[in-house]
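Novice: predicted coordinates and the sequence they were generated for:
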Amino acid sequence: MDRNLALELVRVTEAAALASSKFMGKGDKNGADGAAVEAMRRAFESVNISGEVVIGEGELDEAPMLYIGEKVGKSASDSIEVDIAVDPLDGTTLIAKGLPNVISVIAIGSKGSLLNAPDTYMKKIVVGPGAKGAIDLNKTAEENIIAVSKALGKKTNQMTIAVQDRERHNYIIDAARKLGTRIQMFGDGDVATAIATCFDETGIDMMMGIGGGPEGVITAAAIKCMGGDMQAQIYPLSEQEVNRCYELGFTDEELEKVLTIDDLAKGDNLFFAATGITEGDLLSGVKHIGGNRAKTQSVVMRAKTGTIRFVDAIHSLDKNDILVDLMKKYSIE
Ligand SMILES: O=P(O)(O)OC[C@H]1O[C@](O)(COP(=O)(O)O)[C@@H](O)[C@@H]1O
C-alpha cells in the first residue's frame, strides 16, 4: 500500500467526525452514528482502494453501520485490494451526552491481515512499547500489572491502568487496589483509551478489560503501528453471543485461544487513522469556529515505517459536499 494512502484515510475519519460532531450533546446516539457512517461511506468513494469491510460497527447495539462484506473505495482497475475495519464513531453514548473520548477510526491492511472477529465481547490487555512482551492473558490481572511494572521499571503504585467502568471489571479493580496501582476509569471508548497507552504524556501504562470485539481488531492495528503490545480473547458474555460465534464458524478451541497482536492484525502492511470528535487524552475534539468552519485533529500511522503523524485541519463546512448533503438530510444547521 502506498504511503500517500495515509492522508486519504485522514479525510475519511475527518468526514465522519465533522458529520457526527453536529450531534454532540443532543441525546441522539443513533443520529450521530448514522451521520458518521454515511459520511465515512461517502468519503471512501474517492480513496483509491478496493476495500472490503471485515469489521463493521454497530452490530452489538444494532446501530446503523458500514456492514461486514460491504465494498468501499474507488475500486478502479489500479486500486489495491484491502481489508478494512471501521468504527465511524466509537463512543455513541458519550457523544449523545457531549462527553469526552469520542473518536472516529479506521484500520486498513492487506487482504487477509485483519481478523474477522465476531461482533461479541473480547477480553483485552494493551500496553505501550515499553512493556512489549510483558503481558499474558493466561495470567491474572495482578500478575500482569506486576509484569508490566517490572518492564517499565516502575513500582506498581507508580503505575496507572485504564479500566472501563463496568461491573464485569471488578476483578481488575480489586487487583489494582491490592497493588496500590492508580486506576483511570472511563465510561466508553476503549479504542481511544487503548491508544493512549502508547503515548507517555497520557500517563496511562496499561488498559485491561472486556470490550467490543470489533474495536479490539481496530485497536490491534493501531498498537502494531506504534510498537506496543496487545493480547485478546474472544469473550462471548451470553448464550446468544456464543451462538453468534458458532454461526460465524468459530470453534470452542478458537474461543479459548489467547490471540496475540499478530493474530489480530497480521504483518506490517497496516494503516490506522483516527479523528477526535470530542476532547480526548490524545486528540482534540471537533471545534466549531466562526465563519462556518471547524477544526479537527487526527492521527495517522503506518506499521511498516512506524511513522505517527498528527494532522490539524480547518474545514470550511459550506464547501464540504458530504457535510452539506448530510446536514440537509438531517435538517441540522
Ligand atoms: O458498552 P459495553 O456493552 O460495555 O461495550 C463496550 C464497548 O462499547 C464502547 O465503549 C462504545 O461502543 P459504541 O460506540 O458502539 O457505543 C466501546 O468502546 C467498547 O468496546
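Specialist: Ah, there it is. In this text the structure is predicted, and so the values were computed from the model without any measurement. Residues are numbered from 1 along each chain as shown.

Novice: list the buried residues for stretch 126-139?
Specialist: Val126, Val127, Gly128, Gly130, Ala131, Ala134, Ile135, Leu137 (16 or more other C-beta atoms under 10 Å). C-betas here are computed from N, CA, C, even on glycine.

Novice: look at Glu81 and tell me its secondary structure.
Specialist: On the three-state scheme (DSSP: H, G, I helix; E, B strand; the rest coil), Glu81 is labelled strand.

Novice: should've said Gly306
Specialist: For Gly306, the secondary-structure state derived from three-state DSSP is coil.

Novice: how far away is it from Ile195?
Specialist: Distance, Gly306 to Ile195, using C-beta to C-beta, to the nearest Å: 15 Å.

Novice: between the two, who's got more neighbours?
Specialist: Using other C-beta atoms under 10 Å as the criterion, Gly306 and Ile195 rank with Ile195 on top: 31 against 13.

Novice: helices or strands next to whichever helix or strand the more buried one is part of in the packing?
Specialist: Taking DSSP states H and E as the definition, Ile195 sits inside helix 190-196. In terms of contacts (3 or more C-beta pairs under 8 Å, 6 or more residues apart in numbering; DSSP states H and E), helix 190-196 is packed against strand 80-90, strand 103-110, strand 121-127, strand 160-164, strand 206-212, helix 213-226, strand 270-276.

Novice: reformat these as TSV; add mean pLDDT and distance to Glu38.
Specialist: Listed next are the helices and strands packed on helix 190-196 as TSV, based on pLDDT from 0 to 100; distance: least, C-beta to C-beta, whole Å:
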stretch	mean pLDDT	distance to Glu38
strand 80-90	95	9
strand 103-110	97	12
strand 121-127	98	27
strand 160-164	98	28
strand 206-212	97	21
helix 213-226	96	19
strand 270-276	98	16
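
Novice: ok, which of the ones you listed comes nearest Lys74?
Specialist: With C-beta to C-beta as the measure, strand 80-90 is the member of the helices and strands packed on helix 190-196 nearest Lys74 (10.5 Å).

Novice: so which bits of the stretch 151-300 of the chain are right by the ligand?
Specialist: Neighbours of the ligand within the stretch 151-300 of the chain, by C-beta under 6 Å from any ligand atom: Arg166, Asp188, Gly189, Asp190, Val191, Gly211, Gly212, Glu215.
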